[in-house]
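Novice: could you look at this predicted model? Sequence included:
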Amino acid sequence: MSDILLEATAQGEQLRLAGAGAWTAENAHDLESLIDSEIRRGGTISHVVIDMGRVDRLDTFGAWLLERLTRSFTARGCDTKVTGLKVDYRALIDEVHGVKREHKAERRGSTLASTIASVGENIVSVGHSFGAMVNMLGALVVVLARIVSHPRRFRLTSMVHQLDNVGWRAVPIILLITFLIGCIIAQQGIFHFRKFGADIYVVDMVGILVLRELGVLIVAIMVAGRSGSAYTAELGSMKMREEIDALRTMGFDPIEVLILPRIVALVIGVPILTFLGSMAALYGGGLVCWLYGGIDPDIFLARLKEAITLDHFKVGLIKAPFMALIVGVVACVEGLAVKGSAESLGLQTTASVVESIFLVIVLDGLFAIFFASIGM
Amino acid sequence: MAQEKAKGNGGKDVVIEVRDVVVGFGSHIVLDHVDLDVYRGEILGFVGGSGAGKSVLMRAIIGLLPKREGAIKIFGTDMAAASDLERQAIERRWGILFQQGALFSSLTVMENLQFPVREYLDLSQDLLDELAVAKLAMVGLDASVCDKFPAELSGGMTKRVALARALALDPEIVFLDEPTSGLDPIGAGEFDSLIATLQRTLGLTVFMVTHDLDSLHTVCDRIAVLADGKIIAAGTMDTMLASTHPWLQAYFHGKRSRASQLEAGVPSPLPARA
């Protein structure tokens, strides 16, 4: 800066400050440090005269810095006068002068108390979202009861459309992923079982693991990531644009119109996908056994027939609709929890996927205990 | 530059010069060879029927929409020929109030106001905080809204915060897209007088797209009218009222206009504002 923005001359207890040049946004950085060094000036000062006569441009930045200067000298008990101010700037200075003392944003420290408080808040919010899920399940049961008595109210078209999205269009990716998982398990089994000369038991492992656990689990996780997130985002943006309120005011129940068809589609779609996925995984396992383990397809099939019973197959398929229900309910609850902002939509979609995958795994564990105790 | 004296509409210092501008979408021509001048220090009200292309012209001026023909000069610089640096320098000298506010929803009010300042100027956090509070005070809000998120604000507050953000860098031109739409008459009146006060104190040039006849009466120095893709008239309110153009007659003498209420001897439902 060629201009000297602020010059100070001290005479005894009087301080004369002379401003010059452009007190505008571009110079605000330099001006601030000049002004702050004057404010920190030591010694006894009783009179301050600020001459603004040579300031040829002034904007809000400059006006505020001048205000800061006068305020801090006044606060020190000095008699502060501003002279030579152009008439044009008077209104701006008056405007800035009316501003109350600066706002101090409360910056939370990372103290122990706030850590404990946030743990508590999280626990409460987990409780709330559990409550919301139970609430949604209840509302679904009520709507279902209404549909049973008036079957024509069911939105069949909407359900078929959703089934197309979450079921039919998911088939290729589900087949591919489960096929690869089947291959990997068979390869790992053969590699490690061979050390004990127990190659043939890899068929048992692949069969039981795929039919009981992996088929349904992989499908449920894929569906949570693929369709659950889509449900949350759709319902969330409908909530943001007040579409859901509009439905409600026209006398429609959003749960009946929007949520039930989506959840029914999932409950139908996921078992079908589970079946297809399990078959693809067995196929992949059989292929690896043949090509990598040297187990002929005939032997693989014969061994598979001995190793698995219908129970294993049923266990997988019984779990599927419950997994679908969990994914659907979590997705819809999170979708309806979206608030006005784009950020909230992102947060709820993330929460929807994370929560539903977590709950699917928890549910799988509970089922494992249940089936073990009934001997299935 | 910022404080050159050209107050009132007598000053012939042109800050926005639109010449022969054509803007269209596909085969549909929205603006057909439009000419418009905006003078320094005036409040220009820009009116036209819904869908006539008011916002299109505003967006073409600020460079959000490409034009097919013509030239737009701002502070004498042709925006199409300007280098990136020149363009950025000019963008720093204007502020825009979008119709829905366009506040960043993931930032607080305070952060919204500080965002452009932080990007362009190297200032201390204390000064940024103080300036944000000062800007809020200028638009009539107190410091308690600082930590709120845009989703938590009412419509009127959103407009005020958006205006404060438009003013954050002390621009010379402010573009306002329907600033009073969605506000009640009292809020709209306050917003009008706020714009007039800020225009006086900061020496702003204001380009205001509006439908609000009261705003046109109370704060606008000059009015430009867009119809059929052309500027059909530009001048003071008196010129508009005296015009015999059928569209202007319908707009300014329609059932909802103040002129017709005065002619019929019905007192205006709003208290007159000076």
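Specialist: Ah, there it is.
Novice: what is the burial count for residue A:220?
Specialist: Here the neighbour count serves as a burial measure; for residue A:220 (other CB atoms under 10 Å in any protein chain shown) it reads 30. To be clear about C-beta, it is placed using only N, CA and C from the backbone, and glycine gets the same treatment.
Novice: would you agree it is in contact with residue A:322?
Specialist: No - taking contact to mean CB atoms under 8 Å, the distance of 9.3 Å between residue A:220 and residue A:322 leaves them out of contact.
Novice: just the element for residue B:234, please.
Specialist: Using DSSP states H and E, residue B:234 falls within strand B:230-235.
Novice: downstream neighbour of that strand in the secondary structure list?
Specialist: Stepping forward along the backbone from strand B:230-235, the first helix or strand reached (DSSP H and E) is helix B:237-242.
Novice: what's the helix or strand that that next one is followed by packed up against?
Specialist: Stepping forward along the backbone from helix B:237-242, the first helix or strand reached (DSSP H and E) is helix B:246-252. Packing contacts for helix B:246-252, counted by 3 or more CB pairs under 8 Å, 6 or more residues apart in numbering or on different chains; DSSP states H and E, involve strand B:222-227, strand B:230-235, helix B:237-242.
Novice: which neighbouring elements make contact with the last one?
Specialist: Contact here means 3+ CB pairs under 8 Å, 6+ apart; on that basis helix B:237-242 packs against strand B:222-227, helix B:246-252.
Novice: winner for burial among those?
Specialist: For those, the stretch with the most neighbours on average is strand B:222-227, a mean of 22; neighbours defined as mean count of other CB atoms under 10 Å in any protein chain shown.
Novice: can you report phi and psi for the residue nearest to residue A:62 when sequence neighbours are not counted?
Specialist: With CB to CB, 6 or more residues apart in numbering or on different chains as the criterion, residue A:62 has its nearest non-adjacent residue at 2.7 Å, and that residue is residue A:23. The phi and psi values for residue A:23, taken as degrees, to the nearest 10, are phi -90, psi 70.
Novice: ditto for residue A:256
Specialist: In terms of degrees, to the nearest 10, the main-chain angles of residue A:256 are phi -70, psi -40.
Novice: what is the neighbour count of the closest residue to it other than its chain neighbours?
Specialist: When the adjacent residues along the chain are set aside, residue A:256 lies closest to residue A:143, with 4.9 Å between them (CB to CB, 6+ apart). Residues near residue A:143, counting by other CB under 10 Å, number 19.
Novice: thought residue A:143 was touching residue A:253?
Specialist: Yes - with contacts defined as CB under 8 Å, residue A:143 counts as touching residue A:253 at a distance of 6.6 Å.
Novice: so what's the closest residue to chain A within the stretch 151-274 of chain B up against?
Specialist: Scanning the stretch 151-274 of chain B for proximity to chain A using CB to the nearest CB identifies residue B:151 as nearest, at 3.3 Å. Under the criterion of CB atoms under 8 Å, 6 or more residues apart in numbering or on different chains, the contact partners of residue B:151 comprise A:339-341, A:344, B:105.
Novice: cool, residue A:330 as well?
Specialist: Neighbour list for residue A:330: A:133, A:224, A:228, A:352, A:355-356, A:359 [criterion: CB under 8 Å, 6+ apart].
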